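> requesting a structural model of the entry that follows:
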Amino acid sequence: MAYFLDDYVFAAKYPFSSRAKEIMRSMSINADEEMANAGFSRLSSALNGEIRRKVFLHEDDAVREMVEYGAARMILSQMRNRFLTSKYAVAESKKTFAYLGDEAPENIISLAADVGISSFREDGARLTMDVADFLLYAPRDVHYKLISRGLDAGRVPISRHEQIRIISEAVKKYAERIPAMQAVPPAIKAAAEKMYALLPKIEPQKISFKEGENPPCIEAILDMMRKHENVAHTGRWLLAVYLINRGVGNEDMLKVFANAPDYNEKIALYQIEHARKRGYKMPNCSSVVGYGYCVADCRITNPINWRGKSRPPPPKAESKNDEKVKG
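Predicted coordinates for the structure are as follows:
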């Protein structure tokens, strides 16, 4: 099959696409030191949070990008490191989001199908998708709550911007799936060893809480952080406000947020200090339900009121009737 420059450019921007796989299958590429170094460079950029849009003027530039992508995944397969894999998946998702804004509608639909979403449908100016796909791939954010949308015959209306965001989330899930390699080339093994040296020598620290000290909703968010999962903005805000109202200092809070794959200390500190200065109070449980972070029936009105296993209830105030009985 003959490929044109537009095909190569599309494949380079979206190296996980079926078009990119077809092009790569038509070529003979050796997993040598040059290829391994390209993958190492891609992972290093992801680790540092560097997201750059590239311009591909020649087929060779596009092929180099696809090789770099493939090598990065080979290195990840050898390392099996959750932290780096999450960092990489976030970077691939953000690159996709940056490119898709300029993409033709037919290319967006094609790419969505490559990452598991084939239910987008256009009816004039109205764009919808299947509710099952929406629930699976939509970000965990209050703006994507199903209750605020007009569900019609199993279809969910979305905007163009939301479509791109949802596809980017699907790309992140796709990128996190790294298949194991049976035979790892020596150059890839060597690149993996070099990559280990760039990872944090010590895993990001966590605040030490006693078992049962936090309400289930907060514990669920903390657990996502511990697993280096990318918690949505609403979840991070809830966690920050909760910790502030628990009297946790900025330094200890940063230890928690450092587990996020897209962690940026300067941005995190700014957001924490902003929430502290504004004096935000912990939202009631009804709001937590609306945000999608309620995971249990605690029978309390606000997460900050949680007593759990290790926080004893406040002393019961004596009533006048009690005083009469004592008298």
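
> middle-most residue in this structure, spatially?
Among the residues of the chain, residue 230 comes closest to the average C-alpha position under Cα atoms, centre = their mean, at 3.2 Å.

> return the residues in contact with that residue.
By Cβ atoms under 8 Å, 6 or more residues apart in numbering, the contact list for residue 230 reads 86, 89-90, 172, 260-262. C-beta here means a position set from N, CA and C on the backbone, and glycine is covered the same way.

> assign residue 157 to helix, strand or coil.
Put simply, residue 157 is strand when judged by DSSP: H, G, I helix; E, B strand; the rest coil.

> before we move on, what's the pLDDT of it?
With respect to pLDDT, residue 157 scores 95.

> for the stretch 151-300 of the chain, what spans make up the helices?
160-176, 186-198, 216-226, 233-245, 250-257, 265-278, 285-291 (DSSP state H, counting those that start in this stretch).

> show me what the second one is packed up against.
It refers to helix 186-198. helix 33-47, helix 59-79 (3 or more Cβ pairs under 8 Å, 6 or more residues apart in numbering; DSSP states H and E).

> buried residues in whichever helix or strand comes after the longest one?
Yep, that's helix 59-79 we're talking about. Per DSSP states H and E, the first helix or strand lying C-terminal to helix 59-79 is helix 82-100. Neighbour-count burial for helix 82-100 flags 83-97, 99-100 (criterion: 16 or more other Cβ atoms under 10 Å).

> for helix 82-100, give the mean pLDDT please.
Mean predicted lDDT for helix 82-100 stands at 94.

> okay, domains of this protein per the record?
1-80+180-199, 97-177, 216-305 (automatic domain parsing).

> any idea how far apart the tips of the last one sit?
Put plainly, it is domain 216-305. End-to-end distance for domain 216-305: 12 Å, by Cα to Cα, to the nearest Å.

> can you check the first one too?
Its first and final residues considered, domain 1-80+180-199 spans 42 Å by Cα to Cα.

> residues contacting the closest residue to residue 282 other than its chain neighbours?
Using Cβ to Cβ, 6 or more residues apart in numbering and skipping the chain neighbours, the partner closest in space to residue 282 is residue 304 (4.3 Å). By Cβ under 8 Å, 6+ apart, the contact set of residue 304 is 242, 245-246, 282.

> swap in 10 Å and give it another go.
215, 218, 241-242, 245-246, 281-284 (Cβ atoms under 10 Å, 6 or more residues apart in numbering).

> and those residues, which are buried?
215, 218, 241-242, 245-246, 282-283.

> what's the closest of the residues you listed to residue 109?
residue 283 (37.7 Å; Cβ to Cβ).

> isn't that closest one up against residue 240?
No. With contact defined as Cβ atoms under 10 Å, residue 283 does not reach residue 240; the gap is 11.9 Å.

> doesn't residue 128 lie inside a strand?
Yes. Judged by three-state DSSP, residue 128 forms part of a strand.

> any idea what it is bridged to?
residue 121, residue 157 (DSSP bridges).

> next one: it from residue 51, what distance?
30 Å (Cβ to Cβ, to the nearest Å).

> more crowded one of these two?
Shown here are residue 128 and residue 51; by other Cβ atoms under 10 Å, residue 128 has more neighbours (22 against 16).

> and that one, what does it touch?
For residue 128, the contact set (Cβ under 10 Å, 6+ apart) comprises 119-122, 134, 149-158, 163.

> buried subset of those?
119-120, 134, 149, 155-156, 158, 163.

> redo the residues you listed as a markdown table? Include distance to residue 10.
Shown next, in a markdown table, are the buried ones among the contacts of residue 128 (distance: Cβ to Cβ, whole Å):
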| residue | distance to residue 10 |
| --- | --- |
| 119 | 22 |
| 120 | 18 |
| 134 | 26 |
| 149 | 31 |
| 155 | 28 |
| 156 | 27 |
| 158 | 23 |
| 163 | 18 |
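
> quick one: contacts for residue 217?
Per Cβ under 10 Å, 6+ apart, neighbours of residue 217: 235, 238-239, 242, 285, 288-289, 291-296, 298, 303, 306.

> look up the closest residue to it, ignoring the ones flanking it.
With Cβ to Cβ, 6+ apart, the residue lying closest to residue 217 is residue 293, at 4.8 Å.

> quick one: pLDDT of the one you found?
89.

> just for the stretch 151-300 of the chain, where's the confidence low?
Within the stretch 151-300 of the chain, the ranges that satisfy pLDDT under 70 run 201-209.

> biggest separation within the buried ones among the contacts of residue 304, which pair?
Every pair of those checked by Cβ to Cβ; the farthest is 246 and 283, at 14.3 Å.
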